[in-house]
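1. Got a predicted structure here, sequence first:
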Amino acid sequence: MHKQLAHGDVIGHDGAMNDKLYIGLMSGTSADGIDAALVRFQGGADIDGGNEPLRAEVVAARTSPWDPDVRARLVWLGQGGSLDSLDELGTLDAQVGEAFAEAALAVLVEAGIDTGDVAAIGSHGQTVRHRPYLKHPFSLQIGDAGRIVERTGITTVADFRRRDIAAGGHGAPLLPALHHALLHDASEDRAVLNLGGIANITLLPKVSDVRGFDTGPANALMDLWCHEHTGRPYDEDGAWGATGVVDDALLSRLLEDPWFATPPPKSSGREHFQRAWLAPRLRGDESAVDVQATLRVLTARTIGDALRSAQPDTQRLLVCGGGVHNPSLLQALRDELPGVVITSTQEHGLDPDHIEAMGFAWLARQTLLGLPGNRASVTGAAGPRVLGAIYPV
């Protein structure tokens, strides 16, 4: 999956010419693989696109599988579990860093690009805990960036969320500024929906400022339930859940969680929407496939409620993330939002499977240029901030 790179110049913030590329590395809350995107940006160094619109070309992209044992521990941690010792956490941090480095090198091999042509890697790391509502809020991503630098020989930018949280924000979502630069249209109210483990939306109104927030579970609960009852890691194409019947009483109990009514800024993770959240809301005699169908509609309903509340005149919803491949979920969204055109970001030139990895390549570029990557209107931070820590070669 790659295009031949047409070498050219990229305009930097200072006006200098720069023909370098950026790699973005991302593993989401589902921990279903490490996405790597090799990206060439042009123009638009300013967070609002400046005088020259931002253009982004994905030169190559691929997803590397996790070692099964490492993935099992990451999923356990992400669902609120704990490890036996700091030694185990430190070992996992090192293993994730090694895996991210291998993913970066693999995408370069696929593209036939030398490491010297890459300005930086932007590594999101693997989120193992996201706690924005504590007295001392934090978001913890592991994946030793020092190891990424050593293995690749490429400057790495990592730890993007801490600075925004230190400034009073949620540290999430971080990509609405990029969505605005690449997908905003002054002729219609749009929204971008990322269907990862957790769903989040970016609101792109015709004229006012960009906003964005998490809406609730997307693939996280469906994947968990599918694995528990079928042994498969996820419900491919939503086929299993499509054979079930929605349990309206269960759906009502799920929707009673006060988090759904919390106003933005808001964010969440698998540590909230996990098995321990679902269990007390079940009677115990439900059909497993009916629960799966209900979880699908829970995702669609909470997204629909969020859009109706925050941007009721939305005309177009652009979908990315793993859930874009679930036709049953997309149909549930269309049922919830009958007046909205719902399409993949692919129809607008952005691969839905790699847009988040592209985003962390862009955030690395922003950091090296000394430019902010967050949007205070999204995260609730005190203002724009340069994000991430730089690990130079």
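-> Sure, I can see it.

2. And the strands in the stretch 101-250 of the chain?
-> Assigned by DSSP state E, counting those that start in this stretch, the stretch 101-250 of the chain shows strands spanning 118-131, 138-142, 156-158, 190-195, 198-204, 211-217.

3. What residues sit buried inside the longest helix along the chain?
-> Identified as the longest helix of the chain according to DSSP state H is helix 86-111. Burial within helix 86-111, assessed by neighbour count using 16 or more other Cβ atoms under 10 Å, is assigned to 89, 92-93, 95-101, 103-108, 110-111. For every residue, glycine as well, the C-beta is placed using N, CA and C.

4. now stretch 119-133
-> Neighbour count says stretch 119-133 has 119-130, 132 buried, by 16+ other Cβ under 10 Å.

5. From the chain's centroid, how far away is it?
-> Centroid separation for stretch 119-133 versus its chain: 10 Å, with Cα atoms, centre = their mean, to the nearest Å.

6. what is the mean pLDDT for it?
-> Across stretch 119-133, the average pLDDT comes to 96.

7. quick thing: my sequence starts at 17, can you match it?
-> Happy to do that; since the first residue is 17 now, the last one works out to stretch 135-149.

8. Can you show me the CA trace of it as CSV?
-> Written as CSV, here are the backbone C-alpha positions of stretch 135-149 (Å, rounded to 0.1, in the frame of the first residue of the first chain):
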residue,chain,number,x,y,z
ALA,A,135,12.6,14.7,9.5
ALA,A,136,10.9,13.1,12.5
ILE,A,137,8.7,10.3,13.9
GLY,A,138,5.6,11.3,15.8
SER,A,139,4.8,8.5,18.2
HIS,A,140,1.5,8.5,20.1
GLY,A,141,2.5,5.4,22.1
GLN,A,142,-0.1,3.1,23.7
THR,A,143,-2.5,4.6,26.1
VAL,A,144,-2.7,2.5,29.2
ARG,A,145,-4.7,4.9,31.4
HIS,A,146,-6.6,8.1,30.7
ARG,A,147,-7.9,9.9,33.8
PRO,A,148,-8.9,13.5,32.9
TYR,A,149,-11.4,13.9,35.7
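
9. Could I get the pLDDT score of the residue lying farthest from the centre of the chain?
-> Here the chain reaches farthest from its C-alpha mean at Asp301, the gap being 34.5 Å by Cα atoms, centre = their mean. Asp301 is assigned a pLDDT of 95 by the prediction.

10. And Gln362, by the same measure?
-> On the pLDDT scale, Gln362 gets 96.

11. hang on, it is in a strand, isn't it?
-> No - counting by DSSP: H, G, I helix; E, B strand; the rest coil, Gln362 is not found in a strand; it is helix.

12. Please report the distance of the closest residue in space to it that isn't next to it in sequence from Asn216.
-> Nearest residue to Gln362, sequence neighbours excluded (Cβ to Cβ, 6 or more residues apart in numbering): Pro368, at 5.6 Å. To Asn216, Pro368 is 14 Å away according to Cβ to Cβ, to the nearest Å.

13. Neighbour count: these two, which is higher?
-> Each of Pro368 and Asn216 has its neighbours counted (other Cβ atoms under 10 Å); Asn216 has more, 27 against 22.

14. Quickly list what that one is bridged to.
-> Beta-bridge pairing for Asn216 (DSSP bridges): Asn210, Asp230.

15. Run through the residues that contact it.
-> Ala188, Pro189, Leu209, Asn210, Gly228, Phe229, Asp230, Thr231, Ser283 (Cβ atoms under 8 Å, 6 or more residues apart in numbering).

16. Equivalent analysis for Leu108, please.
-> Val86, Arg89, Leu90, Leu93, Leu99, Ile158.

17. For those residues, which entry has the maximal number of neighbours?
-> Counting by other Cβ under 10 Å, top hit in those: Leu90 with 24 neighbours.

18. Help me confirm that that residue comes into contact with Arg145.
-> No - Leu90 lies out of contact with Arg145 (Cβ atoms under 8 Å); the separation is 11.3 Å.

19. Roughly how far does the nearest residue to Ala405 once chain neighbours are set aside sit from Asn216?
-> For Ala405, ignoring the flanking residues on the chain, the nearest one in space by Cβ to Cβ, 6+ apart is Asp175 at 4.7 Å. With distances taken as Cβ to Cβ, Asp175 is found 20 Å from Asn216.

20. With Val74 instead?
-> 21 Å.

21. Against Ala405, how distant is the residue nearest to Leu211 when sequence neighbours are not counted?
-> Using Cβ to Cβ, 6+ apart and skipping residues adjacent in sequence, the residue nearest Leu211 is Gly339, 2.6 Å away. Using Cβ to Cβ, Gly339 is found at 31 Å from Ala405.

22. Confirm for me that Ala161 is in contact with Ser139.
-> Yes - Ala161 is within contact range of Ser139, at 5.8 Å (criterion: Cβ under 8 Å).

23. Now list whatever residues contact both of these two.
-> Thr172, Val173, Ala174.

24. From those, pick the one nearest Pro279.
-> Pro279 has its nearest neighbour among these in Ala174, at 30.8 Å by Cβ to Cβ.

25. so the closest one bridges to which residues?
-> Ser139, Ala405.

26. Show the model's pLDDT score for Thr330.
-> Thr330 is given a pLDDT of 98.

27. I misspoke; the intended subject was Gly96.
-> Confidence for Gly96, expressed as pLDDT, is 84.

28. For the spatially closest residue to it that is not a sequence neighbour, give its distance to Phe276.
-> In space, and not counting its chain neighbours, Gly96 is closest to Glu287: 4.2 Å by Cβ to Cβ, 6+ apart. Distance of Glu287 to Phe276, given as Cβ to Cβ: 17 Å.

29. Alright, I will stop here.
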